[in-house]
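# Here is my input; please provide its structure:
(one chain, ligands or ions: 1)
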Amino acid sequence: MNYSRIIHVFILASALSACNLLKKDKSENGFEYNDEYDYAEIEDIDSNYEVLSRESKITNYKAAKTVFTDLIHTKLEVKFDWSKSWMYGKETLTGKPHFYASDSLFLDAKGMQINSIYAGDQKLNFKYDGNKLRIQLDKVYKRDEKFQVVIDYIAKPDERKTSGSEAITSDKGLYFINPRGEDPTKMPQIWTQGETEASSVWFPTIDSPNAKTTQEILIRVDNKYVTLSNGKLVSSTNNADGTRTDHWKQDLPHAPYLFMMGIGEFKIVKDSYTKADGTKMEVNYYVEPAWEKYARNIFGETPKMIAFFSKITGVEYPWDKYNQIVVREYVSGAMENTGAVIFGDYAYKTDRDLLDSDDNSTIAHELFHHWFGDLVTAESWSNLTLNESFANYSQYLWDEHRYGLDQADYNAEKEAEGYVSSANQNGFHDLVWFYYESQEQMFDGHSYNKGGRILHMLRNYLGDEAFFLGIKNYLTANQFKAAEFHQLRLAFEEVSGEDLNWFFNQWYLGSNHPTLNIDQYFSVANQEVVLTVTQTQFEDVQLFKLPVEIALYDDAGVHVHKVIIDKAEKKFVFPVKGKLKTVIFDHQQMLLADVVNNKPQEEFIAQYYVSNRFKARKDALLLGTFDPSPAAEKLIFDALKDQFWNLRVIAIEQADLLKDDYKTRGIELIKSMALSDSSSAVRSSAITFLSNHLAATEFETLMLQIISKDQSYTVLGNALTSLSTSNVRLAMVEAKKLEQEKSSKMKSGIAQLYASQGGETELQFFEDLFKSNILTGVDAIYGLNSLTIYMSRQKPEIQAKTVDLYRIQQKNGGVYATMFMPQNVEYMVNSTTNQITKLEAEIEGFEKTKDMVYADRLRKELNKYKSILKDLQVFQAEIAKTESNTH
Ligand SMILES: [Zn+2]
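You can find the predicted model right below:
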């Protein structure tokens with residue numbers, strides 16, 4: 001599952017406060033827009049981090065589920081009542097006792113109506129409590145005897161209750177979207193989401209990652225619908241009543257949480273992949289009709305990725321086909337259902353949208369799960385990193401292969417930041433974690449981001465050949481089975497010949513990461529450098545053993561020293577030939593550590609010119625320009641021409657430090673970058689820089705030129721916002737022209753402008769925006785925030801429409817809008833309350849001076865605000881009830 005998309009949103013939440021509009025608003029209203037959210041997060045989670053007592057270490061231990069029964073085959077025959085959001089199911093389940101003979105079968109079955117259970121002709125007795133189904137088999141079965149039961153049931157996902165009285169929204173398992181067609185903006189559809197333990201909402205099973213079964217599903221639908229499920233479509237039969245039955249079958253076993261169905265009037269865009277043995281298989285893309293023409297550009301890299309991952313793992317893609325589908329109101333980022341992967345609607349991108357960002361990382365992530373997760377499955381949620389760290393690391397592997405080291409390293413650093421930010425919010429825990437409270441906690445920056453960075457370190461330590469052979473070893477030894485992290489260690493030990501417990505103990509069974517302080521002393525007399533590396537992490541954090549490369553650059557060239565840091569403090573002495581240029585600690589920039597490097601500024605500057613790694617060059621740009629100097633200015637100027645786009649962005653951000661001649665030349669260069677840099681992120685940063693460095697008229701002319709020709713919506717959005725700081729009228733005129741662009745990103749850019757500048761006329765834009773349901777992914781957050789700020793500035797007649805628009809967005813905006821709705825509502829509640837307090841004080845003042853006409857006039861205003869506040873509070877109570885955990 002791709003949770004990292006959601007982790008990124010949390011980071012975005014803090015990034016939002018850096019956004020111009022919000023910052024302005026924050027200072028005017030004194031409301032801590034995002035900080036409050038972060039704070040609440042921290043408070044919530046602290047409670048999970050009590051130190052476990054000796055007893056509770058035993059009682060809270062999350063063991064893998066004991067296997068009493070082996071599932072063998074699951075056959076489902078299903079049809080739907082769209083009007084009731086019910087699924088009628090008939091399940092034929094084949095299994096056998098795992099070891100001990102038994103006459104009972106225990107299944108998970110959540111919120112179902114169980115009609116009957118048979119074994120052959122014999123009706124079986126069962127007990128069902130709404131969650132667990134205990135079936136009395138017709139006799140005692142031994143471990144070499146198969147049994148088969150047929151269960152007739154109805155799944156009612158919308159009617160299921162938790163222990164409280166509220167309906168579950170986040171783990172319904174089976175989702176009916178706009179099933180009665182009441183919302184014209186949303187194509188009616190049905191889809192499923194199994195992970196973590198929600199497949200048992202739509203079929204009785206052993207809903208555990210250490211269970212595996214082959215499957216077939218016969219889906220009966222109206223002829224107008226297409227269906228998607230795991231495995232091959234073996235037949236499609238028209239029925240007498242005008243319906244059609246699609247028969248999907250997968251002969252290779254996988255875990256129940258990977259079962260999938262997708263149904264709707266999707267278009268199927270066909271692509272293919274040919275396996276090494278010559279077998280051609282389907283690689284199809286299921287999209288809504290409007291997106292048919294874009295599907296190949298969105299997903300088109302998939303066949304190349306399948307070929308690449310098959311090659312580097314040494315294990316050919318094991319499944320029948322690889323189809324991908326985009327659904328509405330999805331509850332996660334994406335999900336690796338075997339051969340039938342689901343994406344949220346953020347994946348819908350036009351060719352112009354794709355100029356700014358694509359979803360290839362997510363596509364790679366879900367695809368790599370087909371080896372790590374689907375073929376070999378983590379035996380328990382505690383071991384989740386066995387699935388997610390590899391899926392996460394596949395993004396690095398793909399970037400490295402497709403776009404080069406810089407792009408891979410750039411994303412790797414973002415992943416490391418994501419881990420730290422997730423740990424700061426939710427606490428640090430062991431990577432393989434046996435003490436979570438809810439399995440959903442495992443879907444965090446540890447299992448994904450940190451796990452991915454650890455694999456990268458292991459690869460650096462073992463070398464590529466041993467690392468990838470180890471992977472092949474692990475996949476082959478454990479295919480179609482469940483595994484725990486020891487099996488991964490043993491696979492690498494077998495290949496490398498080395499006992500790797502030291503590595504796995506500290507990284508998999510330990511928590512946190514090292515903090516390193518590097519002090520450097522260059523003795524000219526002895527022609528040597530003394531490097532002191534100190535592990536400065538707090539005492540409750542373990543000491544780490546860290547193999548690392550130190551590169552020393554001098555007049556004779558580069559000398560790479562492979563060392564091991566295995567003490568709290570370690571000293572290294574390296575000889576120097578002639579002049580010392582720089583010492584680069586962690587030459588490959590692969591360590592997961594906070595490193596404070598105390599070396600002279602000129603060594604950082606030299607580091608930029610000698611290193612080919614992104615992070616070393618980035619650090620050089622930030623630390624080598626700390627004190628102004630001609631060399632620092634030259635560095636910034638040179639970095640404006642760096643081969644990698646993100647370093648050009650950072651150089652632009654540092655260009656404020658340029659003076660005199662460098663400044664004149666720098667501004668000229670950045671002007672040309674704003675117009676023609678190949679990266680839209682660079683063009684956008686250049687605009688921001690120029691808004692502070694060009695005269696108003698020159699800047700306005702440049703912005704109009706950019707708005708008329710740039711294809712990137714990110715650039716256009718930033719050009720509009722930047723233009724508004726010097727000429728609001730002009731920005732509003734240009735924004736009006738762009739309102740018709742059918743792009744989520746463009747709309748959210750315009751919304752940000754209208755948030756701070758819009759008046760009564762712009763209400764229509766916001767109404768259309770939310771009714772047309774065009775915002776997807778994170779744009780839904782930006783759009784929502786913009787609406788809130790816009791509304792808080794309007795007169796009460798317009799503000800009165802806020803809750804209506806919130807309601808639409810709460811329903812349409814997906815997981816992102818839902819996640820950020822509470823803080824938006826709270827912001828409006830506070831803003832309205834402030835208005836009320838202010839008016840009450842003014843009324844009191846007029847009454848004292850007996851100025852009743854004014855007092856009456858203000859009282860009318862006051863009543864309007866009170867009514868707005870009441871609406872807001874009603875809505876606030878509504879969403880407090882439905883707030884849910886999403887994964
Ligand atoms: Zn995943």
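
# Not counting residues beside it along the chain, what's closest to the residue of the stretch 201-350 of the chain at minimum distance from the ion?
The ion sits closest to E336 of the stretch 201-350 of the chain, with a gap of 6.1 Å, by Cβ to the ion. In this view, the C-beta of every residue, glycine as well, is placed from N, C-alpha and C. Excluding the flanking residues, the one nearest E336 by Cβ to Cβ, 6 or more residues apart in numbering is H369, at 3.4 Å.

# Now do the same contact list for that neighbour.
336, 387, 390-391 (Cβ atoms under 8 Å, 6 or more residues apart in numbering).

# tell me the contacts of the residue of the chain found nearest the ion?
For the chain and the ion, the shortest gap (Cβ to the ion) falls at A391, measuring 4.1 Å. With contacts defined as Cβ under 8 Å, 6+ apart, A391 is in contact with 2, 336, 365-366, 368-369, 372-373, 448.

# hmm, 10 Å instead?
1-2, 4, 336, 362, 364-373, 447-448, 451-452 (Cβ atoms under 10 Å, 6 or more residues apart in numbering).

# What residues of stretch 532-541 count as buried?
If you call a residue buried by 16 or more other Cβ atoms under 10 Å, then stretch 532-541 has these buried ones: 533-535, 537, 541.

# ends of that stretch, how far apart?
End-to-end distance for stretch 532-541, by Cα to Cα, to the nearest Å: 20 Å.

# So which residues make contact with that stretch?
Against stretch 532-541 from outside (Cβ under 10 Å, 6+ apart): 51, 428, 510-521, 542-544, 546, 548, 550, 563, 565-572, 585, 593-596, 598.

# now stretch 179-194, how far from the chain's geometric center?
23 Å (Cα atoms, centre = their mean, to the nearest Å).

# scratch that, stretch 853-868 is what I was asking about
Counting by Cα atoms, centre = their mean, stretch 853-868 comes out at 46 Å from the chain centroid.

# in that stretch, what counts as buried?
855, 858-859, 861-862, 864-865, 868.

# Check whether the residue sitting furthest away from the middle of the chain sits in a helix, strand or coil.
Taking Cα atoms, centre = their mean, the residue of the chain most remote from its mean C-alpha position is K850, at 60.2 Å. Under the three-state scheme (DSSP: H, G, I helix; E, B strand; the rest coil), K850 adopts coil.

# For it, give me its contacts.
Taking Cβ under 10 Å, 6+ apart as the definition, K850 has no contacts.

# Quick check on it: phi, psi?
Dihedral pair for K850: phi 60, psi 30, per degrees, to the nearest 10.

# what number of residues lie near D144?
D144 has 8 neighbours, counted by other Cβ atoms under 10 Å.

# and the gap between it and I808?
59 Å (Cβ to Cβ, to the nearest Å).

# Now do the helices in the stretch 351-500 of the chain.
Taking DSSP state H, counting those that start in this stretch to define them, one finds helices in the stretch 351-500 of the chain at 351-354, 360-368, 385-402, 405-426, 451-462, 464-478, 485-496.

# which helices and strands does the longest one pack with?
Helix 405-426 sits against helix 4-16, helix 35-46, helix 385-402, helix 451-462, helix 614-623, helix 645-654, with contacts defined as 3 or more Cβ pairs under 10 Å, 6 or more residues apart in numbering; DSSP states H and E.

# out of the buried residues of stretch 853-868, which are inside helices?
855, 858-859, 861-862, 864-865, 868 (DSSP state H).

# Averaged over its residues, which helix or strand of this protein has the lowest pLDDT?
Scoring the helices and strands of the chain by mean pLDDT, DSSP states H and E places helix 20-29 at the bottom, with a mean of 32.

# Let me know the secondary structure of the residue nearest to N239 when sequence neighbours are not counted.
In space, and not counting its chain neighbours, N239 is closest to T245: 6.2 Å by Cβ to Cβ, 6+ apart. Assigned by three-state DSSP, the conformation of T245 is strand.

# T245 contacts L233, correct?
No: look at T245 against L233 with Cβ atoms under 10 Å: they stay out of range, at 11.1 Å.

# intersection of neighbour lists for the two?
Residues touching both T245 and L233 (Cβ under 10 Å, 6+ apart): 219, 227.

# Could I get the pLDDT score of A13?
Looking at A13, its pLDDT reads 42.

# what's the answer for E539, then?
E539 is assigned a predicted lDDT (pLDDT) of 88.

# check which helix or strand covers it.
Assessed by DSSP states H and E, E539 sits outside every helix and strand.

# related to what we said a few turns ago, in contact with the residue of the stretch 201-350 of the chain closest to the ion, which residues?
Contacts of E336 by Cβ under 10 Å, 6+ apart are 1-2, 195, 257-258, 260, 342, 365-370, 372-374, 387, 391.

# and with 8 Å instead?
E336 neighbours (Cβ under 8 Å, 6+ apart): 1, 258, 365-367, 369-370, 373-374, 391.

# between those, which is nearest E182?
Closest approach to E182 among the contacts of E336 (Cβ to Cβ): M1, at 29.6 Å.

# State whether that closest one and N337 are indeed in contact, as I suppose.
No: M1 lies out of contact with N337 (Cβ atoms under 8 Å); the separation is 9.8 Å.

# Report the contact partners of V78.
Taking Cβ under 8 Å, 6+ apart, one finds 87-90, 202, 217-220, 261 in contact with V78.

# nope, N383 is what I meant
N383 neighbours (Cβ under 8 Å, 6+ apart): 64, 432, 483-485.

# and stretch 646-656, which residues are buried?
So, applying 16+ other Cβ under 10 Å, buried residues of stretch 646-656: 646-652, 654-655.

# from those residues, which two are the most distant?
So, the buried residues of stretch 646-656 by Cβ to Cβ: farthest apart are N646 and A655, at 14.9 Å.

# Surely A551 touches H587?
Yes: counting by Cβ under 8 Å, H587 is a contact partner of A551 at 4.1 Å.

# what sits in contact with each of those two?
V560.

# buried residues in stretch 493-505?
For stretch 493-505, by 16+ other Cβ under 10 Å, it's 493, 495-496, 500, 503-504.

# Kindly apply the preceding question to stretch 70-85 instead.
70-78, 80, 82, 85.

# And the nearest residue to D144 once chain neighbours are set aside, how far from F68?
Nearest non-adjacent residue to D144, counting by Cβ to Cβ, 6+ apart: K96, 7.4 Å away. Separation of K96 from F68 (Cβ to Cβ): 11 Å.

# Which one's more surrounded, those two?
Higher neighbour count among K96 and F68: K96, with 18 against 15, using other Cβ under 10 Å.
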